[in-house]
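Chemist: model the following, please.
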Amino acid sequence: MPTPQTALIPSQVPAPRAPRRRIPLLPPPFRAAAGDGPPRARAATATVWYLRLLAVLNIAAVLSLPFREEVHEHNAGEYFTPYLATAGLVSAALALFLAVVMRRRKRAAWLFNLLLAGPLFGLYVLALTRAPYREHPFNWVSTALTGLFVAALLLGRREFDAVGDRSNPRLALAVGVGGTLVCGGLGTLLVHATNKVAGAGLRDEIAYTLLRGISVGPLADRFAVVQAPRWADMVINTLMAATFLLVLYACFRAPRGACLLAPEDEARLRALLDRHGERDSLGYFALRRDKAVVFSPSGKAAVAYRVVGGVSLASGDPLGDPEAWPGAIDAWLAEARRHAWTPAVMGASEEAGTVYARHGLDALELGDEAIVDLADFTLDGRAMRVVRQAHNRVRRAGYTVRVRRHEDIPAEEMAVLVERADQWRDGATERGFSMALGRLGDPSDGRCVMLECRDADGTPRALLSFVPWGERGLSLDLMRRDRACENGLMEYMVVELLLRAPESGIDRVSLNFAMFRSVFERGARLGAGPVLRLWRSTLTFFSRWWQIESLYRANAKYRPVWEPRFLLFAKSSDIPRIGLASARAEGFLTLPGR
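Modeler: Numbering: from 1, shown residues only. Predicted coordinates:
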């Protein structure tokens, strides 16, 4: 049986981790800078609450006929209502969306509100100089509320400092034109099919549809030759509201972030890994080229992240000197705040979680990483019987394993292995983000380790690829096998690596990550509570599709040391959004392109 041909150089023992600490929440989204005082932040918060209130009132007016008629009465003739109070789904959607993006401190949203509310306030003030309008007390209330909103915008202007994507105006224009044509066309067909009055022309039906898209009130009642049912008016208004929301999303969406890791940044990261790579088994995965990176002011530490759906998703621990981690984390959080990204960290260790805690992030334990300490690994004993039997059965079937560094594999052989890995991949999407490199056979990854398994006829049947973990460790990156091969082939390859690695200076190997491992372990014990048993049953059910429990069982058979990994987040309300972004980053959820 072949033996490893390249020695794996020894290094230092990793430093002990800091004790676990409680991690507090971030401060509120609007924080007054030093010397500015609280009024600025309070004014910014007031604008958000005003928009939320108007969204609720508009929705209530749409659902309640008496309330809607009251709003319409105070929005016609000699009356007028406060900013965005129109009793329509479009205005409700607009107020709700603006509340969301204003809370994220979008500068474009602040400017949008000011351009709408400012001239409207000026018009109201001008109207109050005329007798018919100033005689109605409600008009004074509407003017005062609109003026207070404009004043709050101006007072809190510095709080809205988040920038948008430069391509947003073009995308918003395309979405607006396309959405209006589609929804207008569908609405016109609906009006034509349901019109109760004969003799309406196409121009009248189109105009009626566009006006109904703005309001379900008496705005479109001026067309005597068009009278559609109430439900048709609601459908048209809902379609236009959805189109308007899409336009607003395109206009105010967060920047998508850097798509590629710059070559000079990658060189700096590799230098940090050379000095401090033994600290974190996930450190090498920071070299994924779909990540961006931000460095500490000293350049001695860095945080690698990827922006997915407005979430700045970092993975693993910061790279580099732990004393410089705070500077890198500060720079990463400042970048997220500048672009209104939601900050989150996947798979942080307890040591890194303690440092992130001092920057205001809360923590949730995701699961455990299986790390095999080779000094304690053995195939002897009853606990290893299943692994030992699988290993012996596959070996007797004539399978062999070859272990090499990537740099020692000829280009022709590597091309074949890459092609086989693509053929054996389960599905069209490459999965993995926090614990996967996302590439195979790249010349820059020459220190990675490849395990190639062949059957008795010399045909390749499976491969494993490990990235360096410092100089005395390996971390699993890729597992691929032919579905028609012998059962237990993965166990055979892992055991072969664990048995041979000490001869080459390797003393630890990081295997797969087991999500919610403690739930499966504690939920199966005698005396487990009903909540824990229910949680375990739920995870077992979902394991039919996502292999949650099977990964835990596959790792547990090697008797590893379990190292907890954490999800770090700013607010509990962000967890669903972060979960969706994580699923997209890991390849479990693929959204259709525009």
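
Chemist: please give the element, helix or strand, for residue 564.
Modeler: strand 561-569 (DSSP states H and E).

Chemist: and what of residue 187?
Modeler: helix 168-194.

Chemist: any idea which helix or strand comes after that helix?
Modeler: Next along the chain from helix 168-194, counting by DSSP H and E, comes helix 202-214.

Chemist: all strands for the protein, in order.
Modeler: For the chain, applying DSSP state E gives strands covering 292-295, 301-308, 311-315, 319-320, 342-348, 362-373, 400-405, 449-454, 460-469, 473-481, 508-515, 561-569.

Chemist: quick one: which of those has the weakest pLDDT on average?
Modeler: Among the strands of the chain, strand 508-515 carries the lowest mean pLDDT, at a mean of 85.

Chemist: list the buried residues of the strand holding residue 564.
Modeler: Neighbour-count burial for strand 561-569 flags 562-569 (criterion: 16 or more other C-beta atoms under 10 Å). No exception for glycine: its C-beta is placed from N, CA and C like everyone else's.

Chemist: can you list the strands that that strand pairs with?
Modeler: Using DSSP bridges, strand 561-569 pairs in its sheet with strand 342-348 (antiparallel), strand 362-373 (antiparallel).

Chemist: send the alpha carbons of it over as CSV?
Modeler: In CSV, the C-alpha atoms belonging to strand 561-569 read as follows (Å, rounded to 0.1, in the frame of the first residue of the first chain):
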residue,chain,number,x,y,z
VAL,A,561,-13.0,16.1,20.4
TRP,A,562,-16.0,18.3,19.9
GLU,A,563,-15.3,22.0,19.5
PRO,A,564,-18.3,24.3,19.6
ARG,A,565,-18.9,26.8,16.9
PHE,A,566,-21.2,29.8,17.1
LEU,A,567,-23.4,32.1,15.1
LEU,A,568,-22.8,35.8,16.0
PHE,A,569,-25.5,38.4,15.2
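
Chemist: quick one: the spatially closest residue to residue 320 that is not a sequence neighbour and residue 321, what's the gap?
Modeler: Spatial nearest neighbour of residue 320, excluding adjacent residues (C-beta to C-beta, 6 or more residues apart in numbering): residue 301 at 3.4 Å. Going from residue 301 to residue 321 by C-beta to C-beta, to the nearest Å gives 6 Å.

Chemist: also residue 125?
Modeler: Taken as C-beta to C-beta, the span from residue 125 to residue 321 is 60 Å.

Chemist: the two: which has the busier surroundings?
Modeler: residue 321 (18 against 12; other C-beta atoms under 10 Å).

Chemist: phi, psi of the more buried one?
Modeler: phi -70, psi 120 (degrees, to the nearest 10).

Chemist: show me the one of the strands of the chain that comes nearest residue 42.
Modeler: Residue 42 lies closest, by C-beta to C-beta, to one member of those: strand 342-348, at 23.1 Å.

Chemist: that closest one vs strand 508-515, what angle?
Modeler: 130 degrees (axes from the mean of the first three to the mean of the last three C-alpha atoms, to 10 degrees).

Chemist: how far away from the center of its chain is the helix holding residue 187?
Modeler: 30 Å (C-alpha atoms, centre = their mean, to the nearest Å).

Chemist: any buried residues in it, and which?
Modeler: 168, 171-172, 175-176, 179-180, 183-184, 187-188, 190-191.

Chemist: helices or strands up against it?
Modeler: helix 202-214, helix 230-252 (3 or more C-beta pairs under 8 Å, 6 or more residues apart in numbering; DSSP states H and E).

Chemist: before we move on, the earlier item: and the strands of the chain, which is most packed in?
Modeler: strand 319-320 (a mean of 30; mean count of other C-beta atoms under 10 Å).

Chemist: which strands and helices lie in contact with that one?
Modeler: helix 263-276, strand 301-308.

Chemist: got a markdown table for these, with distance to residue 155 too?
Modeler: Below are the helices and strands packed on strand 319-320 laid out as a markdown table (distance: least, C-beta to C-beta, whole Å):
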| stretch | distance to residue 155 |
| --- | --- |
| helix 263-276 | 40 |
| strand 301-308 | 31 |
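
Chemist: for residue 108, which of those is the nearest?
Modeler: strand 301-308 (17.5 Å).

Chemist: give me the distance from the closest one to the chain's centre.
Modeler: On C-alpha atoms, centre = their mean, the centre of strand 301-308 falls 12 Å from that of its chain.

Chemist: please shift the residue numbers so they start at 745 in all later answers.
Modeler: In the new count, where the first residue is 745, that last one comes out as strand 1045-1052.

Chemist: what residues does the residue lying closest to residue 1138 once chain neighbours are set aside make contact with?
Modeler: Among residues not flanking residue 1138 along the chain, residue 1236 sits closest, at 3.9 Å (C-beta to C-beta, 6+ apart). By C-beta atoms under 8 Å, 6 or more residues apart in numbering, residue 1236 lies in contact with 1134-1135, 1138-1139, 1143, 1145, 1197.

Chemist: hang on, the earlier thing: among the strands paired with strand 1305-1313, which comes closest to residue 1005?
Modeler: Here strand 1086-1092 is closest among those (C-beta to C-beta), at 17.5 Å.

Chemist: need the contact partners of that closest one.
Modeler: 1026, 1054-1061, 1076-1077, 1080, 1096, 1100, 1105, 1107, 1110, 1113, 1177-1179, 1257, 1309-1314, 1318, 1321-1322, 1325-1326, 1329.

Chemist: at 7 Å instead, please
Modeler: 1026, 1054-1061, 1077, 1080, 1100, 1110, 1178-1179, 1309-1314, 1318, 1321-1322, 1326 (C-beta atoms under 7 Å, 6 or more residues apart in numbering).

Chemist: what angle separates that strand from strand 1045-1052?
Modeler: Going by the same axes, to 10 degrees, strand 1086-1092 makes 120 degrees with strand 1045-1052.

Chemist: just how off-centre is strand 1086-1092 within its chain?
Modeler: Going by C-alpha atoms, centre = their mean, where strand 1086-1092 is centred and where its chain is centred differ by 9 Å.

Chemist: now do stretch 886-905
Modeler: On C-alpha atoms, centre = their mean, the centre of stretch 886-905 falls 32 Å from that of its chain.

Chemist: next: stretch 1109-1123.
Modeler: The answer for stretch 1109-1123 is 29 Å, by C-alpha atoms, centre = their mean.
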